[in-house]
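[1] Below is the sequence, then the predicted model.
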Amino acid sequence: MMRLLPQPVISAALLGTWLLLHNDVSALLLASGAALAIALPLVTHRFWPEYPRTVRLLPLLRLAAIVLLDIVVANLRMVVLILGPVSRLRPQFVVVPVALREPFAITLLASIISLTPGTVSVNLSGDRRSLLVHDLNVEDAEAAVRRIRQRYEKALMEVFE
Amino acid sequence: MIELASRVAFGMMALALLLNLWRLLRGPGAVDRVVALDTMYVNTIALLVLLGVWRGSPLYFEAGLVIAMLGFVGTVALCRFLLRGRIVE
Amino acid sequence: MTLFLTVLLPFLAVLPPLLVRRHGDQRSRLAGLCAIPTAAALALVVAAARDVFAGAVPQASVAWIPSLGLHATLRMDGYAWVFACLVLGIGLLILLYARYYLSAREDLPRFFSAIMLFMGSMLGLVLAGNIILLVVFWELTSLSSFLLIGYWRHDEDARAGARMALIVTGVGGLALLGGVLLLGAIAGSHELSAVLAAAGSVQQHPLYVPMLVLVLLGAFTKSAQFPFHFWLPRAMAAPTPVSAYLHSATMVKAGVFLLGRLHPVLSGTPEWFYIVSITGMATLLLGAYRAMFAHDLKGLLAFSTVSHLGLITLLFGFSSPLGAVAAVFHIMNHATFKASLFMAAGIIDHETGTRDMRILNGLWRHMPYTTALAVLAAAAMAGVPLLNGFLSKEMFFAESLFIAEMRGLRPIEPVLAVVAGIFSVAYSLRFIRIFFRGSGTGMPRAPQEPPRFMRIPVEVLVLVVVLVGILPGLVIGPSLAIGARAVLGGDLPYYHLTMWHGLNLPLLMSVIALAGGTLLFLVRRKLYAVYGRVHPPVTIEAGYQGVARAASAGAAWLTGTLDNGSLQRYVLLLVGMALLAGAVPVIGRFSAGALPRTPVDAVTVAGTLMLVTAAVATAALHRHRLVALIAISAVGVIVSAGFVRLAAPDLALTQLLVEIVTILLVLLALDYLPRRSPPDTRAASRVRDIGIAAAAGAGVAALAWGVLTRPADSISRYFIEQSKPAGGGTNIVNVILVDFRGFDTLGEIAVLGIAALGVVLLLSGVDLTASRQHGEVARDRAPLFLTMITRALLPFALLFALFLLLRGHNLPGGGFIAGLMAAVALILHYVASGTHWTESRLRLRYRPLIAIGLLTALATGLGALAFGHPFLSATFTYVDLPGFGEIELATALVFDVGVFLTVVGAVMLMLSRLGEPVPESPADAAFPTEAAAWKP
Amino acid sequence: MEALMAVAVGALVACGVYLLLRARTYPVILGIMLLGYGVNLFLVGMGRVGAGAAPILTEGTSDYVDPLPHALVLTAIVIGFGMAAFIVVLALRTRIATDTDHVDGEEVL
Amino acid sequence: MIEMIVGFFMIAGAAFALIGSIGLARLPDFFSRLHGPTKSTTLGVGSMLIASAVHFSTGPGTSLHEVLVTAFLFMTAPVSAHLLCKAALHLRVDRGAAGGAGSAG
Amino acid sequence: MSGHLTILPVLLPFATGVLLLLVPGRSLRLQRAIGLAGVLLLLGVAAALLAVSTQGGPRVYHLGGWPAPFGIVLVLDRLSALMLALTAAIALFSLLQAVQGQDRSGPLYHPLFQLQLVGLNGAFLTGDLFNLFVFFEILLIASYCLLVYGSTAPRLRAGVHYVVLNLAGSSLFLIAVGTLYGMTGTLNMADMARKVAAVPAADVPLLHAAALLLLMVFALKAAVAPLYFWLPSAYAAASAPVAALFAIMTKVGVYAIVRVYTLVFGAAADPALGGLATRWLLPISLITILLGMLGAVGVRELRRMQGYLLIGSIGIMLAPIALFSAGGISAGLYYLVHSTIVMAAMFLLSDLIAKQRGGKDDLLVQGPAVTQAGALGLLFFVGAIAVAGLPPFSGFVGKALILSAVRPTGWMPWIWSLVLVSGLLAIAALSRAGIRIFWDVDADDAPVAVRWRLLELGPTVALLALVLGITVLAGPITLFLDAAAEQLLVPGEYVRAVLGGAP
Ligand code: NA
Ligand code: NA
């Protein structure tokens, strides 16, 4: 099984992508998609040696929902910030300690932070234990860090570790 | 309805792109220009999708998808150039 | 055919001398080798005498270039026969003479080879029966003369003399070519016999004068006529056998030979009379005058030759029958006495080691026999009775009187003739004097008689001089008659060849000349003083030298100024020419078309504005290279969006991807280039460039406007109609690319493949790491987020690429787009994770990949041949797969796969090579250099 | 629209030519690229710029823009890319060999 | 009704894109400006895609491929932002070295 | 298979080149063998096509089976057959020289060489204007690679100039082709000829401009004044076999001029269009003669001198061609054949000579005795005679043909003067060079120890023998060329062959 499907989640995603690309579902597409979903990772898995061992799907979906919701909310908040007087902004760097060990999970954490308007992942420390984040408008730095850790990092732990 | 909405949307997109170009030319730093270019790419996706809807044609979708998937390569390379002086090591 | 053999014989001896093994004393071997064909040719000519004397004109012809009227025609009338005898007879003597003259240590094969080349050419010249063929041989004589003058190549004078002779006579030959082409065109044929028969039509023709001038330019340069005489004295740097043979007896006679050859068709007009006779007269006088003051023995003889050639020219210029006879006669006489004089001079030089007449003295004491021969020949040159020179000079005097009479009794010609005669006597006396003055000491070497056989040629010639002088009618009469008859092209005038014509005016002139000459000789020292003062500081030769130097310097200056090595200049010229080409037809005639204008919208206006701004920014900020790159990337995005606006989805996709790869490429290169350009040095040129650029932009814009506003009707309707039924695809652009115009696409991927090979080629053997710029760099080589996302993205990007490839025939996509997609996804790994990491996982060899891609496309095209269809014929079919429905199978897809593979291979090869100096695979390493000489 | 097209093409060509006339390889390369954009737009324009659907056969559509220039431009883009790649590498290789990025391979003042 | 939805999302998408671009244009320093584009990336493109999906899902068949754009943009955009930050940090640490060309303007 | 003969000149080197890419670089001998075999085969094909071309009208090959003007066609007529044969011959000798060792100063020589031939042959065969552009690009990119082969500084320098100018030229080409397509709606040259002949008066100025822009593109390739400046450095810097091969490259420009301005803008076109090539080309070619020959006199290096002589010779062949008369074209083409062969020989020879002069190389100054002065001097003498247009070789025949062909025209005084003056200048230049190299020997300068084996002199000797051959066979050759010129001047035949049906 591992030999044929070294990266099962990827394979599933590939099949889905294939159908989405065609914007259609048919027997032929399913068959060809399945074939490609099996074939491609066989070629490409060498390029992703750190492919996460475990991926839990349900937590992942839940996380996705949270993130999407946050993005919408943050976007709306940002409208005010961007269009309002510049002097009202309180931009600040904050350091987020990282407990995650799975590299891909850390990457996802950083991505989520960046995708949420108002925060951007700036840098990961060399030991991968802290993440420098720029926040456009910080009222309480510690609260911001806490929010990130509880809302996203925890969820990511559930997915990957 | 769609005609009117798309006119408004097109106008806003045009303005957005012009602002991007302004930042690109204004700088002041190289990174500012790169951000502007990156944003231009992203806004172009929106523009392409908008155009597709307006023309009722799905033919432009893949162009948007290409940008979504690989548009960041230019930005990555430029940044890497700024960071390391060379983009492939 | 005998004629061909005759001409061929000397040529047969051109190569063998060069192949003879070089050891020991080769002189006899080489001279003998050359003498055999010469003698054989002479025998053939002599054997032909019976026919020729009987009035026949042997002729042989082989077609060569009919459309040019150039046939290999040889023709031997009396005139040609006489010359052939001279060429071969004197040639034979020269070979013998040279055998003793030359030192065994010299590069003899070269000498004998060139002599034989000359002999063959000269023989061909005189026997040519086609006037273009005559020019062929004519120029060959100039070339062989060049080689012979420059024979002593270590001698600066020899080199300069050779080049001068070649340029002057070579140019004359070119003029002659023009002349004979005109002549042939006027006469309706280039065959000599036809030309000679066309006198009437030729002289009436409006192009007669230009043609005449061109022909005469050829003749005058060759025969060293004023003002082209100066090369001949310079040619004296040649070994004396050459001077004797080429530069007195034969080659320089080619010019006057030509005057005689074309006499029937060209002469008799006022133009001929004035140009030829005035030139001849000027040359006659100038040569005689200069010979008077030459101190070099050969120089004296050279100027004397110039003078005698002038005399012959003058005689032809008279256009009278008797003048022509005299000319032919003097040609023969001069050849004999002057050749023998040169040989004698050579002996003297050879024996004493000097040619300076101020040093030579008392030679008769040491070499009485040679002295006797030389004095006889010199006396002939002076026109002393009982010798052949007297006879022809007498005829000349007579003819000058006749012409003066014709022209109304103003005795210009006779007076000038006598003046020339006086000088001629005087310089002959100067020549004779060296034998008798002084005690025969003080010369570099003590002279003695030359070897027996070296004298024989001189003896033979002097014998002829004397025999002709005493018994002209018997010895030379028949030959002169047939020669002159051919020149006159009809009956001979009355003349009587004898030594004694009674007391008459010509005799008186001779007497005056002899007496005057003697007098002049006696007062020569005073003349030398005068000469030193009045001799013009600017001679023709100095003029020539000046012009040549100026031309050479001018050419060098012009070339250096135009071709100054500046690309900016060259581009400017190209743009300028294009502007000119585009503007001239349109200015004042430009009109827009009638096509209704398409309405505009806000985004397009904004887009155009952005495009223009970004383009201008690129140009304005180009010195800040990274900034300019970012700006041009913006141009690329806008252009891509523009393609979408113009309903070109395939183009948009392609442009976007190319854009990305281009940024990568330029960034890779920027690492090795300065980050900034230095400022342009001159503001003025920047302003000029802005002007030119604006004009170019305006020009193209106008062109675009002109076309865009015109209604269109194109072959594209066919593509739209046939794309699906005949091409099997709904993406018309793709069907055009892989089917209707698949040949273009094959070529296009070939270009891409070659470009990638070029990158390999350029980067082979260069250590890029050593060349890159070092600056402070961030430590993080492979940012984690970047590598993670890159790795996660790869299968999806490849899937997308395959998707685009497979659907390309029907929807936007195709091999090229897919190939770029895949390549970018792979290249990203080089960027994110480094070359080493990537290549240890990606075991793709790009060069074979390119080859396989190209082969796939090629094989798809070739497949059609198996079914009897033309290359690149595509086919498709619909297959019903149970359970899956109908799918299309098209060869076009295979072709597109070829495109895909080539693109992936090429792009990867280019970018990966630039990244890191990958240790070269042995296959790409430069081969070890075997021969050091091939080192670049 | 026709005028906008002409203006865009003209501006690209003008800027391209200006850069082509510079003394350093890098701006010259940029100039060639700009010229390429201009020429490609020009070529697309040769199919005219009026209304018309993208040249993908679609049910119910009969008015397509001229597809042939698109194919030509695709070819031109590919060739242009190959050429650009070559000259970029040529420029850097020349810089390494001659120690200058002047287009004449030597510092000209 | 469908048209209303499509129109709404169109304008919303364009508005978010515009606001993001305004942020990029007017905010005072680099890191602040960087927040602008995330708006374009997320809700700008996202809204537009919803408009597209709704629009092309009317009539026969549904259109869901718009999801792909969002998915891939969400993968790649943070990487861009991250590298931009790193570059900005780096250039500020040692001006004049690699940043020589970068600080030009 | 004979039906496909027309496309073989493209396919054969293409396949050979691609095959060579798959041969490991180490097996140079195998590469050489394959490359030489390919060129020999190509020579055979070219010879067969030459024979075929004399039988009847133009042969048309419809690629992909698509009817003209929609698909791309290849057209073989006498002119294209001639160019193919010439290319194959030059290629053979160039390659024979290259395999003596100059193909080892870098990788990929042999595939690039074959692909260069693809570009050349395609350009000579295609009947489609855009396809001509594509083949131009193939031959250009391959020539860029071959020019800089070995990556020495002079080659790179010359390469930058050559590449930039040609890239600008390619842009111009596209603008011209685009305009022509925009105005006529077609790319097929035969079809375009028909459309141009029927164009309304209002469209003439734009077409005229496009035609002239195209002429400038071809003029750049042909190295005509004032667009020749790339050539001397490029050819001087290139390795000898490459320079020899490049002798055919400028002829592509000449070929294209002949083709396009007889076919598309020929006698059938509007008078403003029909005569434009003459009006522009003649003065330009005369200036080219003068500047080329003056350049030859003015330069101080032998290789550069050959470059200038080549430029001069382009002017000489274009002047009669520019009259677009049968005689003029025929004479010009004869000179083209002559010039290509002899210049190729001279480029090879210059290199052989220079390498026997040690540090003096090809500088025209006093230097050491050329090691094999006898043999090389003889070859130089023969070559120089031919180049200068002196008898008895083909240069003389060519000039004589040109002079007599242009005689009946008003341009005669100009062309005659310049052609004759070109001879003078060539003699001056070459005699100076020959004297400096072979006669002006510095006895203190020790000769270098480089000696050429017979095999290394072979290609030069063979090319000069070919010069002799085309001199001796000038009769039949001019007959062929006359027919070729007639064929070109009656483009209706070509148009019918391509498009079918009545004119
Ligand atoms: Na060269
Ligand atoms: Na050439």
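    Thanks, I have it. Numbering: from 1, shown residues only, chains lettered A, B, ... in the order given. Ligands and ions are numbered 1, 2, ... in the order given.
[2] CA atoms for contacts and neighbours, from now on please.
    Will do.
[3] Against the centre of chain D, work out the most remote residue.
    In chain D, D:Gly60 marks the outermost C-alpha relative to the chain mean, sitting 34.8 Å out by CA atoms, centre = their mean.
[4] okay, now C:Ser193: neighbour count?
    15 (other CA atoms under 10 Å in any protein chain shown).
[5] what about it, helix or strand, and which?
    Using DSSP states H and E, C:Ser193 sits in helix C:192-196.
[6] so how far is that helix off the chain centroid?
    31 Å (CA atoms, centre = their mean, to the nearest Å).
[7] Average pLDDT for the helix or strand that that helix is followed by, rounded please.
    Heading C-terminal from helix C:192-196, the first helix or strand you meet, by DSSP H and E, is helix C:199-204. For helix C:199-204, mean pLDDT rounds to 91.
[8] Kindly report the same for stretch C:524-540.
    Stretch C:524-540 shows a mean pLDDT of 79.
[9] list the buried ones in that stretch?
    Neighbour-count burial for stretch C:524-540, counted by 16 or more other CA atoms under 10 Å in any protein chain shown, picks out C:524, C:531.
[10] Just the C-alphas of that stretch, formatted as PDB.
    C-alpha atoms of stretch C:524-540 as PDB (Å, rounded to 0.1, in the frame of the first residue of the first chain):
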ATOM      1  CA  ARG C 524      76.200  65.500 -70.900                       C
ATOM      2  CA  ARG C 525      77.900  66.700 -67.700                       C
ATOM      3  CA  LYS C 526      76.500  70.200 -68.100                       C
ATOM      4  CA  LEU C 527      73.100  68.600 -68.800                       C
ATOM      5  CA  TYR C 528      73.400  66.500 -65.600                       C
ATOM      6  CA  ALA C 529      73.700  69.700 -63.700                       C
ATOM      7  CA  VAL C 530      70.700  71.200 -65.400                       C
ATOM      8  CA  TYR C 531      68.800  68.000 -64.900                       C
ATOM      9  CA  GLY C 532      69.500  68.000 -61.300                       C
ATOM     10  CA  ARG C 533      67.900  71.500 -61.100                       C
ATOM     11  CA  VAL C 534      65.000  71.200 -63.500                       C
ATOM     12  CA  HIS C 535      64.000  67.700 -63.000                       C
ATOM     13  CA  PRO C 536      60.500  68.000 -61.600                       C
ATOM     14  CA  PRO C 537      60.300  67.400 -57.900                       C
ATOM     15  CA  VAL C 538      57.000  65.700 -58.400                       C
ATOM     16  CA  THR C 539      57.300  62.800 -60.800                       C
ATOM     17  CA  ILE C 540      54.400  60.800 -62.000                       C
END
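[11] Next up, identify which helix or strand the spatially most central residue of chain B is on.
    For chain B, B:Tyr41 is the residue whose C-alpha lies nearest the centre (CA atoms, centre = their mean; 1.7 Å). Using DSSP H and E, B:Tyr41 sits within helix B:30-55.
[12] Report whether that helix contacts chain E.
    Yes: part of helix B:30-55 sits near chain E under the criterion CA under 8 Å from any CA of the partner chain, namely B:30-32, B:34-36, B:38-39, B:42-43, B:45-46, B:49-50, B:52-53.
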